[in-house]
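Student: no sequence on this one, just coordinates:
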């Protein structure tokens, strides 16, 4: 397996600032469905170890990703469908594997995860899910949710939720850029989900 373009720093060697950078990545609610300290949850240490080279940027990013994961106004199902679609569109294997695991944790069936690859035109999506997947496609393709999709989304989502759609897609677009640019290899605990 590749070691990537930038070596991943093991947690025991992280600079002190990286510990502070992890704080926004913790759920405010200890009963969250997948707290980062769960021993059975894949840790994503290869990615975090690359981010440890720049703790200030990691902390800034963790504020955004922490919101997307733990404070979003979207349902966890909606959030995971968006993230999986971004990971698929960007061929971000690391991001895909992490969120295949998380999707299962929140009750998304394996056949639904695979259907994400087919996109909004696949049979089986609710009208809202179809619009969410279309929004991800449009944001990735043109940095804008098109009018027809926006009308469909705004019929069921409020303004905060619409903002969370955009910021979730954007946050995971940034992560896809990082994992692909730095060729971050899958952690051993993520390999089964690739």
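Tutor: Arrived safely, thanks for sending. A quick note: this is a predicted structure, and the numbers were derived from the prediction, not measured.

Student: hmm, who's touching whichever strand or helix holds residue 98?
Tutor: In this structure, residue 98 sits in helix 93-105 according to DSSP states H and E. By C-beta atoms under 8 Å, 6 or more residues apart in numbering, the residues outside helix 93-105 that reach it are 33-34, 41-42, 44, 46-47, 80-81, 83-84, 86-88, 110, 112-113, 172, 175-176, 179, 184-186, 190-191, 193-194. Glycine gets a C-beta too; all of them are placed from N, C-alpha and C.

Student: hmm, which of these are the buried ones?
Tutor: 34, 42, 44, 46-47, 80-81, 83-84, 86-88, 112-113, 172, 175-176, 179, 184-186, 190, 193 (16 or more other C-beta atoms under 10 Å).

Student: And the pLDDT for residue 32?
Tutor: Looking at residue 32, its pLDDT is 46.

Student: For the protein, which segments are assigned as helices?
Tutor: 16-21, 45-51, 55-70, 76-89, 93-105, 110-118, 127-142, 147-154, 159-181 (DSSP state H).

Student: of all those helices, which lies closest to residue 4?
Tutor: Closest of these to residue 4 is helix 45-51, at 6.9 Å (criterion: C-beta to C-beta).

Student: same question for the closest one, mean pLDDT?
Tutor: 91.

Student: For the helix holding residue 98, buried residues please.
Tutor: 93-103, 105.

Student: average pLDDT across that helix?
Tutor: Helix 93-105 comes out at a mean pLDDT of 93.

Student: With stretch 3-16 instead?
Tutor: 91.
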